[in-house]
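Colleague: Let's see this in three dimensions:
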Amino acid sequence: MRNTITEDLVRTQQEWTATYEQLAGQPGRTALRRRLLYLSRVLAGERLSPAAKAELRRRAAGRR
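Modeller: Predicted structure coming up:
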């Protein structure tokens with residue numbers, strides 16, 4: 001596991017959150033579900049430590 005959080009990763013987390021919120025407001029949207037799954041795979045592939053994951057979410061939330 002790693003603890004390095006890149007700007008790319010922060011943007012991906014921001015996109016994930018925005019897509020999740022859109023999907024929550026418009027259930028049943030196939031394109032949004034696919035986008036969320038894609039972003040989830042990108043984030044899961046990073047193998048971040050739990051502390052780094054929490055920091056990533058904090059940074060992404062602070063930039064909205």
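Colleague: for the top helix by length along the chain, the distance to its chain's centre please.
Modeller: Using DSSP state H, we find that the single longest helix of the chain is helix 7-25. In terms of CA atoms, centre = their mean, to the nearest Å, the gap separating the centre of helix 7-25 from the centre of its chain is 5 Å.
Colleague: buried sites along stretch 4-23?
Modeller: For stretch 4-23, the neighbour count (16 or more other CB atoms under 10 Å) marks 5, 9-10, 12-16, 19, 23 as buried. Where C-beta positions appear, they are placed from N, C-alpha and C, glycine not excepted.
Colleague: Please apply the same query to stretch 21-36.
Modeller: So stretch 21-36, judged by 16+ other CB under 10 Å, has buried residues 23, 32, 35-36.
Colleague: Max pairwise distance over these: which two?
Modeller: Leu23 and Arg35 (8.5 Å; CB to CB).
Colleague: sorry, back to before: now, among the buried residues of stretch 4-23, which is nearest to Ala51?
Modeller: The closest of these to Ala51 turns out to be Ile5 (CB to CB; 10.4 Å).
Colleague: list the contacts for Arg59?
Modeller: 5, 10, 13 (CB atoms under 8 Å, 6 or more residues apart in numbering).
Colleague: Then the first one would be within a helix, right?
Modeller: This points to Ile5. No - note on Ile5: no helix contains this position according to DSSP: H, G, I helix; E, B strand; the rest coil, which reports coil.
Colleague: Quick check, pLDDT for Gly28.
Modeller: pLDDT, Gly28: 81.
Colleague: if I look at it, how far off is Leu39?
Modeller: To Leu39, Gly28 is 19 Å away according to CB to CB, to the nearest Å.
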